[in-house]
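In: here's a sequence, model it:
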Amino acid sequence: MDNKMYFKKPNISAIAIRAVIYITTAAVIIFAISMIGYIVVRGLPYISWDFLTLEPSRLNEIYGIAPMIINTLYIVILTLIVCLPFGIGSAIYLAEYAKQGRIISAIRFVIEILAGIPSIVYGLFGLTFFVRALHIGSYSGSMIAGSLTLTLIVLPTMIRATEEALFQVNYTYREAALSMGVSKLYIIRTVLLPCAMPGIAVAIILSVGRMVSESAALLFTAGLANEMPTKILGHIFEPGSSMTVQLYLYSTEGGAPEWVPFAMATILMLIVLGINLLANIIAGIYAKKIK
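Out: Predicted structure coming up:
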């Protein structure tokens, strides 16, 4: 019997590819940490209670962001009110009621294409259709026009994410419920939606993160006003600048101290980070309940 030991020659191409992946990943991580650190170091020391609660006034050299925070909340809430019924309802229809075939496949393909369209295109459409054609709000934009435009942006993602969450539910649950003679609507309400809730919750919260960080579409549709709102419901038909739009204006037009855009960017990053952490926490809680 031959006792010679045979050693497998190393695969040079696999090692090279792995090295490229590691180097690229490390470069991206270093770049992201450097960029975040640069913004936080230049913005965090200037964040104060007055900065968060006062109305901006260049005459008095006050650069508060309270109106922008309120406008952003208005836009997020209005968008969710419109988006949730259409998004979840459309996903339920596509996953549970629609007859699977070429037409439904084509609809899904169109939804995926809509999810990849740049937001600036949606902004121009919202300006042309909601603001100029339908005259929703004032001629310079409004909260409701911006919310309807954001609905078009996040709706495709919410539909596909909710549909995938429904597909992940074990099919035996449907069969067991149908064998008991209950209606399909009852199955969806009591079985499918609770089981798919982790994916739906994550889709909703990540959509909120997209709304908070959106600027291009709102620049054309929501307006540039940064005054403190004086009405509650009537404000939705008035123009209002969100945090990202005001950050863009401060960064490009000037007129504000250098620290202001960095402080606003720091707050936005903290908000988006909190939203992503909340999504993971909620998904984990629902996953434990289902188990």
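In: identify the residue nearest the residue sitting nearest the centre point of the chain in space, chain neighbours excluded?
Out: Centroid-nearest residue in the chain, with Cα atoms, centre = their mean: Arg210, separated by 2.2 Å. Leaving aside its chain neighbours, Arg210 sits nearest to Val154 (5.5 Å; criterion: Cβ to Cβ, 6 or more residues apart in numbering). Placement of C-beta: from N, CA and C, glycine included.
In: next up, the contacts around the one you found.
Out: By Cβ atoms under 8 Å, 6 or more residues apart in numbering, the residues touching Val154 are Thr79, Cys83, Gly87, Ser207, Arg210, Met211.
In: hang on, the third one packs against Thr162?
Out: Yes: with contact defined as Cβ atoms under 8 Å, Gly87 counts as touching Thr162 (6.2 Å).
In: hang on, the earlier thing: check what pLDDT the residue nearest to the centre of the chain gets.
Out: Note for Arg210: predicted pLDDT of 85.
In: then Ile290?
Out: Reading off the confidence values, Ile290 has pLDDT 58.
In: so which residues of the stretch 151-291 of the chain form helices?
Out: Under the criterion DSSP state H, counting those that start in this stretch, helices of the stretch 151-291 of the chain are mapped to 171-179, 184-187, 193-213, 216-221, 243-253, 259-290.
In: winner for burial among the ones you listed?
Out: Of all the helices of the stretch 151-291 of the chain, helix 216-221 carries the top mean neighbour count, a mean of 25, counting by mean count of other Cβ atoms under 10 Å.
In: what's in contact with that helix?
Out: Contacts of helix 216-221 (Cβ under 8 Å, 6+ apart): 75, 118-120, 122-124, 126-127, 130-131, 141-142, 145-146, 148-150, 153, 242, 244-245, 248.
In: before we move on, the earlier item: so can I have a markdown table of the contacts of Val154 showing distance to Ile104?
Out: As requested, the contacts of Val154 are exported to a markdown table (distance: Cβ to Cβ, whole Å):
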| residue | distance to Ile104 |
| --- | --- |
| Thr79 | 26 |
| Cys83 | 21 |
| Gly87 | 17 |
| Ser207 | 23 |
| Arg210 | 26 |
| Met211 | 28 |
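In: now, which of the residues you listed sits nearest Ile23?
Out: If you rank the contacts of Val154 by distance to Ile23 using Cβ to Cβ, Arg210 comes first, at 30.5 Å.
In: got the contact list for the closest one?
Out: Shown in contact with Arg210 (Cβ under 8 Å, 6+ apart): Ile153, Val154, Thr157.
In: what about the first one, distance to Leu114?
Out: Yep, that's Ile153 we're talking about. The gap separating Ile153 from Leu114 is 9 Å, by Cβ to Cβ, to the nearest Å.
In: for the last one, same thing?
Out: In this structure, Thr157 and Leu114 are separated by 9 Å, where distance is defined by Cβ to Cβ.
In: between these two, which is the more surrounded one?
Out: Neighbour comparison, Thr157 and Leu114: the larger count goes to Thr157, with 20 against 16 (by other Cβ atoms under 10 Å).
In: need the contact list for the more buried one.
Out: Listed by Cβ under 8 Å, 6+ apart, the contact partners of Thr157 are Ala115, Ala203, Leu206, Ser207, Arg210.
In: surely Leu268 touches Met243?
Out: Yes: between Leu268 and Met243 there is a contact under Cβ under 8 Å: 6.0 Å.
In: joint contacts of the two?
Out: Both Leu268 and Met243 are in contact with Val212, where contact means Cβ under 8 Å, 6+ apart.
In: need the strands for this protein, in chain order.
Out: With DSSP state E as the criterion, the chain has no strands.
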